[in-house]
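Chemist: A predicted structure for the sequence below; I have some questions about it.
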Amino acid sequence: MTRLLMLFITFSLLPVSSGYGKDLRFAVVPKFYSVFFDQSKTGCIDAAAEIKGVECVYRGPESSSVRLQDEVINQLIDEGIDGIAVAVTQSKYLFENSLKRAKEAGIPIVTYDSDFDASINQDPKNFRSAYIGTDNFELGKSLGEQLKKLRPNGGTLIMQSGRPDSPNLNLRLMGVRSALSGKKYDIPPGKLLNNEQGWTEVREPLFNFDQLSQAVKQMESVMKGKPVKADSFIAVGGWAQNDAALYREMIAPYQGKISNKEVVVIITDTSPEQLTMLKDRLAHINIGQSPYEMGRQAILTLYKIVTKQKYQEIIYTPVTFCSPQNFNTCEKRAGM
């Protein structure tokens with residue numbers, strides 16, 4: 001190998017200089033620490049490592065609470081953070097409190113995973129510079145379309161969500177309802193299905209408020225068929241499966257119901273633990289998001305904003321359709 005080639009390889013492996021004249025600290029603020037959001041931390045750290053003088057600060061609340069998330073953002077502002085990427089827990093509260101303060105301080109704001117909703121009474125792009133994450137309505141539609149493939153003649157449905165005021169989750173609920181009913185809805189989360197194209201929701205969605213044990217208990221009630229019975233279950237997040245041991249213990253008595261499709265189970269997200277459960281046929285379908293890429297693109301986008309480069313205002317990260325039949329392919333994608 002020539003000395004010139006060796007020098008070229010050496011310099012090509014060095015981090016890119018920020019070229020901004022000072023070190024930059026960008027924050028990625030999840031709704032709460034979890035299996036899902038912690039993957040955005042890895043993406044955040046990897047992206048920051050690509051640019052000399054840029055630091056990733058991953059900080060959020062231990063549990064899902066808009067007030068705790070608001071406190072975290074205020075701390076970051078006090079520390080002189082250079083940009084904030086936030087997964088919005090409750091739009092109006094953050095908009096009127098910590099994020100308003102950040103905006104007034106000239107700190108660029110991007111949203112990831114969950115964008116602002118209509119409660120802020122203005123176009124989100126007037127307040128934040130970019131949204132990075134899943135197209136949540138389309139994800140919901142995909143969940144519904146997968147259910148239609150497994151139950152082409154319709155059926156009864158119970159859905160599970162996190163919070164009734166969560167912007168991204170309400171879009172997913174609306175997407176499921178649109179796919180099953182064939183209707184368009186003006187406002188998320190749409191309307192409860194009532195024998196539309198053969199589909200009926202037997203009750204309002206189960207809200208677990210991001211409590212994993214509660215999510216498992218709620219799903220167990222669906223599998224039992226008590227107090228209400230349905231032949232289909234869609235979770236618009238991965239809550240129940242994020243406590244893998246508790247999920248396995250709960251679902252074990254109902255494997256026969258899953259095998260014969262007495263209850264169809266479709267769950268969002270594809271962490272390694274979830275894919276192992278899918279391989280073991282403890283669910284029918286998992287549709288995965290890309291939290292790693294959300295964290296990575298959040299840092300790269302904030303850097304472009306601060307250094308006055310062109311950037312994309314909307315970055316939709318990809319989703320992955322996983323079943324027991326294509327488990328190996330999905331496992332490789334999840335490890336990317």
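Modeler: Looks like it arrived, so ask away.
Chemist: how about the helices in this protein?
Modeler: 3-12, 37-49, 66-78, 91-96, 98-104, 136-150, 167-181, 212-224, 244-251, 255-259, 272-279, 291-306, 327-334 (DSSP state H).
Chemist: I'd like those helices laid out as CSV, including mean neighbour count and mean pLDDT.
Modeler: For glycine as for every other residue, the C-beta is placed from the backbone atoms N, C-alpha and C. Below are those laid out as CSV (neighbours: other C-beta atoms under 10 Å; pLDDT from 0 to 100):
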stretch, mean neighbour count, mean pLDDT
helix 3-12, 9, 38
helix 37-49, 21, 97
helix 66-78, 18, 98
helix 91-96, 19, 96
helix 98-104, 18, 97
helix 136-150, 21, 97
helix 167-181, 25, 97
helix 212-224, 19, 98
helix 244-251, 17, 97
helix 255-259, 13, 96
helix 272-279, 19, 94
helix 291-306, 25, 98
helix 327-334, 15, 68
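Chemist: can I get these in a markdown table with distance to Pro205?
Modeler: Shown next, in a markdown table, are the helices of the chain (distance: least, C-beta to C-beta, whole Å):
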| stretch | distance to Pro205 |
| --- | --- |
| helix 3-12 | 50 |
| helix 37-49 | 21 |
| helix 66-78 | 19 |
| helix 91-96 | 19 |
| helix 98-104 | 27 |
| helix 136-150 | 12 |
| helix 167-181 | 6 |
| helix 212-224 | 10 |
| helix 244-251 | 19 |
| helix 255-259 | 21 |
| helix 272-279 | 20 |
| helix 291-306 | 22 |
| helix 327-334 | 26 |
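Chemist: Looking at those helices, which is nearest to Leu24?
Modeler: Of all these, helix 291-306 sits nearest to Leu24, with 6.2 Å by C-beta to C-beta.
Chemist: tell me what the closest one is packed against?
Modeler: The contact analysis (3 or more C-beta pairs under 8 Å, 6 or more residues apart in numbering; DSSP states H and E) places helix 291-306 against strand 24-29, helix 37-49, strand 54-58, strand 83-86, strand 109-112, strand 130-133.
Chemist: Which residue is the nearest non-sequential neighbour of the residue positioned nearest the centre of the chain?
Modeler: Residue closest to the mean C-alpha point of the chain, counted by C-alpha atoms, centre = their mean, is Asp113 at 4.8 Å. Nearest residue to Asp113, sequence neighbours excluded (C-beta to C-beta, 6 or more residues apart in numbering): Ala87, at 4.0 Å.
Chemist: Can I get stretch 283-299 in CSV, CA atoms only?
Modeler: Listed next in CSV are the C-alpha coordinates belonging to stretch 283-299 (Å, rounded to 0.1, in the frame of the first residue of the first chain):
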residue,chain,number,x,y,z
ALA,A,283,-48.1,-12.7,17.7
HIS,A,284,-49.2,-12.7,14.0
ILE,A,285,-47.6,-9.4,12.7
ASN,A,286,-45.2,-6.8,14.0
ILE,A,287,-44.8,-3.6,12.0
GLY,A,288,-41.5,-1.9,12.9
GLN,A,289,-40.4,1.7,13.0
SER,A,290,-36.9,3.1,12.8
PRO,A,291,-36.1,4.9,16.1
TYR,A,292,-32.3,4.6,15.5
GLU,A,293,-32.7,6.5,12.2
MET,A,294,-34.9,9.1,14.0
GLY,A,295,-32.2,9.8,16.5
ARG,A,296,-29.5,9.9,13.8
GLN,A,297,-31.4,12.2,11.5
ALA,A,298,-32.4,14.5,14.4
ILE,A,299,-28.7,15.3,15.1
